[in-house]
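Trainee: when you get a sec, could you give me coordinates for this:
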Amino acid sequence: MARVLSISTDLMLGSRVDGALSAAGHEVVTKGSLEEAPLEGIDAIVADLDVENPGALVAVGVPVLGYYSHVDVDTKAVAEAAGVDKVVPRSRMARELPELVAGLLG
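Mentor: Numbering: from 1, shown residues only. From the prediction side, this is the model:
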């Protein structure tokens, strides 16, 4: 399957992302920031938009799934304007992660 970079500083959520994507057959690399991440060979990024700049994520050149707090509509708007491929509330990401990533990867 794909090699997915997960960017989150929330250990509980990061663990859920890792588990869901690993169960779906993906190799997951989890980091606290884009700066810490090995980007070579990454097929997609799943990122907490409270942690990482949407423009920097898009600049990597792979599909990006960004998630945000459902009450933070400004973050959603900034991410969409920056060109993040899929922007969803954190609750939807946690519920539908394998399907959302599959949609990114085509």
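
Trainee: ranges for the strands of the protein?
Mentor: In the chain, the segments counted as strands under DSSP state E are 3-7, 27-31, 44-48, 64-68, 86-89.

Trainee: measure the residue of the chain most remote from its centre to Glu52 for me?
Mentor: The C-alpha centroid of the chain is most remote from Val71, which lies 18.3 Å away (Cα atoms, centre = their mean). For Val71, the distance to Glu52 equals 19 Å [Cβ to Cβ, to the nearest Å]. (Each C-beta comes from the backbone N, C-alpha and C, glycine too.)

Trainee: so which residue is dead centre in this protein?
Mentor: By Cα atoms, centre = their mean, the most central residue of the chain is Val46, 1.2 Å off.

Trainee: low pLDDT regions in this protein?
Mentor: For the chain, applying pLDDT under 70 flags no range at all.

Trainee: now tell me what touches stretch 14-33 from outside.
Mentor: 1-9, 37-38, 42, 46, 51-52, 94, 97-98, 101-102 (Cβ atoms under 8 Å, 6 or more residues apart in numbering).

Trainee: restricted to buried residues, select those residues in PyMOL.
Mentor: The buried residues among the contacts of stretch 14-33 can be selected in PyMOL (16 or more other Cβ atoms under 10 Å) with this line:
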select buried, resi 2+4+5+6+7+8+37+42+46+52+97+101
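
Trainee: straight-line length of stretch 3-17, end to end?
Mentor: 13 Å (Cα to Cα, to the nearest Å).
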